[in-house]
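Chemist: this one's sequence-less:
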Ligand SMILES: [Zn+2]
Ligand SMILES: [Zn+2]
């Protein structure tokens, strides 16, 4: 029978647990957090890290170190990463956008609206991650938030077009 | 053949146009805005007004007068409306939560997280409206935002459970 279309919802705040095993194959971590626990954050990180060819990210606020580490790992293994962010938030303390740009990732800042308030990502152009969650520590650990992960083409296609439209509109060249 | 599952995406900022015709059957409005134009806001208002039995709304910021008018219209025609909002935002100037509560709508404020940052609504328990959009004027008119409308059961069910969980958790009784 045909595989069902992926449709998943993650809720936050995420349970607090170590995510080191998602990044490294270390068998034993000595940090004081709980281990071997699947959380909304660990599921989100896995979804981001599942990118094989591209990650298009459109996010208002990006200061979360774990999500930044995931994006840097994708870039390091040759995945094409493009990030569109809000021009005001980029200047805020703790923003990871500067770190990502200095690593060689292509970043553009939206200057066409009061706030570029989207929080979505397209993985390999066919998996959509979207919701209320900014990529910050407060959003992940302290807020009540949601993230939808879907491969439904009728949802993925409009977001892919929106990314393309905003990316072209903010071309600095 | 079977009807396809509803999956729709609305992007904002919305084009500026009159929405009077959505609320009244007046054939001619004299306001200076463009008329007879379908916009993201008019589509969102129609989705909200399509409720026949219930509207469960979980929204961080609610100050938009048109969306407030739609919710009041639902309440007036007997639709059961429940609103869960953020306790800090409720106190802010322009919040419509007080107006809705005084009209007799059941409102609860989340006191269990730093911010109740969801922005979703369940129409008749089977249609989900969710995204980055707060129900404010700035979000609708000035920000780059998205709203997903879906009847996909795998997405609707978790949000219905989340609403139930948060509603019970914030029972003032
Ligand atoms: Zn650890
Ligand atoms: Zn008018």
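Modeler: Good, I have the coordinates. For clarity, every value in this text was computed on a predicted model and none was experimentally measured. Numbers count the residues shown, from 1 in each chain, chains lettered A, B, ... in the order given. Ligands and ions are numbered 1, 2, ... in the order given.

Chemist: what count of nearby residues applies to the closest residue to residue A:137 other than its chain neighbours?
Modeler: Nearest-residue entry for residue A:137: residue A:64, 5.5 Å, with adjacent residues in sequence omitted and distances by C-beta to C-beta, 6 or more residues apart in numbering or on different chains. Every residue, glycine included, has its C-beta placed from N, CA and C. A total of 25 residues lie near residue A:64 under the criterion other C-beta atoms under 10 Å in any protein chain shown.

Chemist: show me the contacts for residue A:64.
Modeler: A:96, A:135, A:136, A:137, A:139, A:140 (C-beta atoms under 8 Å, 6 or more residues apart in numbering or on different chains).

Chemist: try residue A:116
Modeler: Remark: with contacts taken as C-beta under 8 Å, 6+ apart, residue A:116 is in contact with A:58, A:60, A:84, A:85, A:86, A:87, A:109, A:110, A:166, B:143, B:144.

Chemist: cross the residues you listed against strands and list the overlap.
Modeler: Among the contacts of residue A:116, the subset assigned to strands under DSSP state E consists of A:58, A:84, A:85, A:86, A:109, A:110.

Chemist: most widely separated two among those residues?
Modeler: Spatially, the most separated pair among the ones in strands among the contacts of residue A:116 is A:58 and A:109, at 11.4 Å (C-beta to C-beta).

Chemist: and the two? Which one has more around it.
Modeler: Looking at residue A:58 and residue A:109 with other C-beta under 10 Å, you find the greater number of neighbours at residue A:58, namely 27 against 18.

Chemist: identify the bridge partners of that one.
Modeler: Residues in a beta bridge with residue A:58, per DSSP bridges, are residue A:84, residue A:120.

Chemist: would you check that it makes contact with residue A:86?
Modeler: No. Assessed by C-beta atoms under 8 Å, residue A:58 is found out of contact with residue A:86, at 9.7 Å.

Chemist: give me the common contacts of residue A:58 and residue A:109.
Modeler: Between them, residue A:58 and residue A:109 share the contacting residues A:84, A:85, A:116, judged by C-beta under 8 Å, 6+ apart.

Chemist: want to try JSON lines for these, with pLDDT as columns?
Modeler: Written out in JSON lines, the entries for the shared contacts of residue A:58 and residue A:109 read as follows (pLDDT from 0 to 100):
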{"residue": "A:84", "pLDDT": "97"}
{"residue": "A:85", "pLDDT": "95"}
{"residue": "A:116", "pLDDT": "95"}
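
Chemist: can you tell me which of these is nearest residue A:25?
Modeler: Proximity to residue A:25 was ranked across these by C-beta to C-beta; first place goes to residue A:85, at 31.5 Å.

Chemist: give the contact list for the closest one.
Modeler: Under the criterion of C-beta under 8 Å, 6+ apart, the contact partners of residue A:85 comprise A:58, A:59, A:60, A:62, A:97, A:107, A:108, A:109, A:110, A:116.

Chemist: same question for residue A:154.
Modeler: Taking C-beta under 8 Å, 6+ apart as the definition, contacts of residue A:154 comprise B:4, B:7, B:8.

Chemist: if you set the cut-off to 7 Å instead, what comes out?
Modeler: residue B:7 (C-beta atoms under 7 Å, 6 or more residues apart in numbering or on different chains).

Chemist: what about it, helix or strand, and which?
Modeler: helix A:153-169 (DSSP states H and E).

Chemist: picking that back up, out of the contacts of residue A:116, which is nearest to residue B:46?
Modeler: For the contacts of residue A:116, the residue nearest residue B:46 by C-beta to C-beta is residue B:143; the value is 20.8 Å.

Chemist: could I get the pLDDT score of that closest one?
Modeler: At residue B:143 the predicted local distance difference test score is 96.

Chemist: number of residues surrounding it?
Modeler: For residue B:143, the count of nearby residues is 21 (other C-beta under 10 Å).

Chemist: my guess is it meets residue A:112, correct?
Modeler: No. Under the criterion of C-beta atoms under 7 Å, residue B:143 lies out of contact with residue A:112, with a separation of 10.7 Å.

Chemist: for chain A, just list every one of the helices.
Modeler: In chain A, helices defined by DSSP state H lie at A:20-23, A:40-49, A:65-76, A:97-102, A:137-141, A:153-169, listed in chain order.

Chemist: please convert those to a markdown table, extending it with distance to ligand 2.
Modeler: As requested, those are arranged in a markdown table below (distance: least, C-beta to the ion, whole Å):
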| stretch | distance to ligand 2 |
| --- | --- |
| helix A:20-23 | 53 |
| helix A:40-49 | 43 |
| helix A:65-76 | 44 |
| helix A:97-102 | 41 |
| helix A:137-141 | 38 |
| helix A:153-169 | 28 |
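
Chemist: how about residue A:15, nearest residue that isn't a chain neighbour?
Modeler: residue A:39 (4.4 Å).

Chemist: could you check how far that neighbour is from residue A:33?
Modeler: Separation of residue A:39 from residue A:33 (C-beta to C-beta, to the nearest Å): 10 Å.
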